[in-house]
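**Q** Turn this into a model:
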Amino acid sequence: MKNQQDAEDIIRRHADMVYRIALSYTRNTADAEDVFQETFLRYVRRRPQFDSEAHEKAWLIRVCVNCAKTCLASPWRRHTPDRR
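**A** Below you'll find the model as predicted:
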């Protein structure tokens, strides 16, 4: 139960930042929501241990950016009309 509470606290603290980064990369809400979800799923699956809150924030930013770049590079996205 403590792990679930820790995950909820981290999501609550960083949700706005992660979503804004995802939206700035993808430029549409549907993809931003997918990136947001994938970012926090990776956190929940891996349960990384952080030295500080700054390390935690930096990890989330990097994972979010990587997920957004993966989303933008997907073949599906290249074959659909621009959704902006």
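**Q** So for the protein, the centremost residue is which one?
**A** Centroid check for the chain by CA atoms, centre = their mean gives residue 39 as the closest residue, at 3.0 Å.
**Q** which SSE is that residue in?
**A** Assigned by DSSP states H and E, residue 39 belongs to helix 29-46.
**Q** elements contacting the next helix or strand after that helix?
**A** Downstream of helix 29-46, the first helix or strand assigned by DSSP H and E is helix 53-73. Packing partners of helix 53-73 (3 or more CB pairs under 8 Å, 6 or more residues apart in numbering; DSSP states H and E): helix 2-26, helix 29-46. Any C-beta I mention is one placed from the backbone N, CA and C, and that applies to glycine too.
**Q** just how off-centre is helix 53-73 within its chain?
**A** The chain centre lies 6 Å from the centre of helix 53-73; the measure is CA atoms, centre = their mean, to the nearest Å.
**Q** Select the helix or strand of this protein having the lowest average pLDDT value.
**A** Counting by mean pLDDT, DSSP states H and E, the weakest-scoring helix or strand in the chain turns out to be helix 75-78, with a mean of 71.
**Q** Residue 36 and residue 23, how far apart?
**A** Separation of residue 36 from residue 23 (CB to CB, to the nearest Å): 9 Å.
**Q** out of the two, which sits in the busier spot?
**A** Of the pair residue 36 and residue 23, residue 36 is the one with more neighbours under other CB atoms under 10 Å, namely 23 against 17.
**Q** I'm done for today, thanks for sticking with me.
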